[in-house]
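Got a predicted structure plus its sequence, pasted below:
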Amino acid sequence: MSAPAWAERLRALGLSPAHEAAILHHMASIAPDLPPGPLAPARVVEVRRGDVLVHDGGGDVAAAVAPALRDALCAAGDALAVGDWVLVRRDAHGDQRAWARVPPLNRLVRRAAEGIARHAIVANVDTAFLVNGLDHDFNLRRLERYLAFVRLAGVQAVVVLTKADLAADAPARAAEVRSRLRPGEDVVVVNALDPLAGAALRPWLAAGRTVVLLGSSGVGKSTLTNALTGLAGSAAAQATGPVRKGDGRGRHTTTARTLHLTPLGACLIDTPGLRTLRLDADATALRSAYGDIETLAAACRFRDCRHDGEPGCAVRAALAPDRLRDVQRLLREARRETWTALDRRAQLQQMKARSRAARAHLAAKGRE
Ligand SMILES: Nc1nc2c(ncn2[C@@H]2O[C@H](COP(=O)(O)OP(=O)(O)OP(=O)(O)O)[C@@H](O)[C@H]2O)c(=O)[nH]1
Ligand SMILES: [Mg+2]
Ligand SMILES: [Zn+2]
């Protein structure tokens, strides 16, 4: 079958053969439920309060989200995210409207700081640049959390250490990071202000790829975005802001996630600095994200070894103590979250049973 007409137009927006197949499949599956008329795929480049900005291969267009789609997503505790593929159609007034979301191939989802709500940060990404400043920002424990976050979603991690111009110990830091990486992951040191910064990141920016920039405020995500889009200094550049004197923290300059095209062909998603990152994973999922530790654990003397000082522990023998400590911390947190969820369910069951008993009691009384 020849490629549909829209496919060529959307290549610059990160359309891969897998996305194309998912779009075609979804188009066919929803067609019977919609009023007739042509549907066109487009990619969400920004989610705004009342609508979404989509790119249809020709340019950015505002699109209202059809109420049926909004309600269906909302009922599932879900919402559109930057990077989603949607199916749009013009209404009678010529306005674009998003009718459906193509099921995403992957999503980076985090839990809200409190409670059980989940938020998709982005969808359909190949690589995450985990941006860390080599100034005050550098923190291996936090990096371990970001690594777990992207591995859980099946997204490739590339650690980008910025502000190389401000640090004397960049090679040593890069080596520390490397000791925590798995095959297929990488670490790159850059000065994001250098127009040549893009050269080091080229391997991940080929046409058809989508890369998201993640990291604390002030580490240089928007500065890098401008270097990679070639828009640094122009009116279309992303705003960047100075960091605080003293502790070097950023001021949350970027406030929305936005998708940008780059001359190399990849799409780049700039994001606001994350304050906290709560993983959306139970202990089992998290353990499988650390496959190397799982493999080692098979050689521990005790089958239920917690790698916490037990004799004959193969994990402690092989892993750097600080990496093991950081991973253990994440696992403990995931176990706690899992338990709270189970507890909540058990409590709910108990309450339901009690109210059933009370109703039965009342009914019996009424019959007396
Ligand atoms: N010296 C130096 N400064 C940098 C580098 N990268 C970024 N900066 C500066 O760091 C400050 C923050 O950069 P931004 O790009 O706004 O940081 P951000 O990660 O986008 O921050 P938020 O949007 O707040 O999340 C700006 O003053 C940049 O000029 C770098 O590699 N070297
Ligand atoms: Mg920014
Ligand atoms: Zn062990």
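Cool, the structure landed. Ligands and ions are numbered 1, 2, ... in the order given.

Now do the host helix or strand of residue 324: which elements does it pack against?
Assessed by DSSP states H and E, residue 324 sits inside helix 321-367. Here helix 321-367 touches helix 140-152, strand 278-279, helix 283-289, going by 3 or more CB pairs under 8 Å, 6 or more residues apart in numbering; DSSP states H and E. (Each C-beta comes from the backbone N, C-alpha and C, glycine too.)

Of all these, which one comes closest to ligand 1?
Judged by CB to the nearest ligand atom, the one of the helices and strands packed on helix 321-367 that comes nearest to ligand 1 is helix 140-152, at 13.6 Å.

Might you enumerate the residues of this protein proximal to ligand 1?
Proximity of the chain to ligand 1 (CB under 6 Å from any ligand atom) is limited to residues 162-163, 165-166, 191-193, 217-223, 240-243, 250, 252-254, 272-273.

If we use 5 Å, what do you get?
162-163, 165, 191-193, 217-223, 240-242, 250, 252-254, 273 (CB under 5 Å from any ligand atom).

Which of these fall in helices?
Mapping the residues of the chain next to ligand 1 onto helices (DSSP state H) picks out 221, 222, 223.

Quickly name whichever of those is closest to residue 284.
residue 221 (31.9 Å; CB to CB).

got the contact list for the closest one?
131, 213, 214, 215, 254, 270, 271, 273 (CB atoms under 8 Å, 6 or more residues apart in numbering).

Is the spatially most central residue of the chain part of a helix or strand, or is it coil?
Centroid check for the chain by CA atoms, centre = their mean gives residue 108 as the closest residue, at 2.5 Å. Here residue 108 is recorded as strand under DSSP: H, G, I helix; E, B strand; the rest coil.

Name the nearest residue to residue 315, ignoring sequence neighbours.
Spatial nearest neighbour of residue 315, chain neighbours left out: residue 307 (4.0 Å); criterion: CB to CB, 6 or more residues apart in numbering.

so what pLDDT did that neighbour get?
Looking at residue 307, its pLDDT stands at 89.

Please report the distance of it from ligand 2.
Here residue 307 is placed at a distance of 38 Å from ligand 2 (CB to the ion, to the nearest Å).

Can you get me a residue count around the residue nearest to residue 81 when sequence neighbours are not counted?
Nearest residue to residue 81 in three dimensions, chain neighbours excluded: residue 120, at 4.0 Å (CB to CB, 6+ apart). Per other CB atoms under 10 Å, the neighbour tally for residue 120 reads 20.

Isn't residue 120 up against residue 73?
No. The pair residue 120 / residue 73 is not scored as a contact, 10.1 Å apart, by CB atoms under 8 Å.

any shared contact partners between the two?
In contact with both residue 120 and residue 73: residue 79, using CB under 8 Å, 6+ apart.

Just the residues contacting stretch 181-196, thanks.
134, 147, 151, 156-165, 170-171, 173-174, 177-178, 197, 200-201, 220, 223-224, 227, 232, 291-292.

now, which of these lie within strands?
156, 157, 158, 159, 160, 161, 162 (DSSP state E).

Relative to ligand 2, which of the residues you listed is nearest.
residue 162 (11.8 Å; CB to the ion).

ok, how many other residues are close to the closest one?
28.

nearest residue to it other than its sequence neighbours?
residue 220 (4.1 Å).

Report the buried members of the residues of the chain next to ligand 1.
Buried members of the residues of the chain next to ligand 1, counted by 16 or more other CB atoms under 10 Å: 162-163, 191-193, 217-223, 240, 250, 253-254, 273.

quick revisit: for ligand 2, tell me which of the residues of the chain next to ligand 1 show up nearby.
Among those, the ones lying close to ligand 2 by the criterion of CB under 5 Å from the ion are 221, 222, 253, 254.

Please identify which pair of those lies farthest apart.
221 and 253 (9.5 Å).

tell me the contacts of the residue nearest to residue 154 when sequence neighbours are not counted?
In this structure, residue 154 finds its nearest non-sequential neighbour in residue 106, 5.4 Å apart by CB to CB, 6+ apart. Neighbouring residues of residue 106 by CB under 8 Å, 6+ apart: 123, 124, 125, 153, 154, 155.

Which pair of these spans the longest distance?
That would be 123 and 154, which, of those, are the farthest apart (CB to CB) at 12.3 Å.

So for these two, which sits in the more crowded spot?
Neighbours were counted for residue 123 and for residue 154 using other CB under 10 Å; residue 123 has more, 26 against 12.
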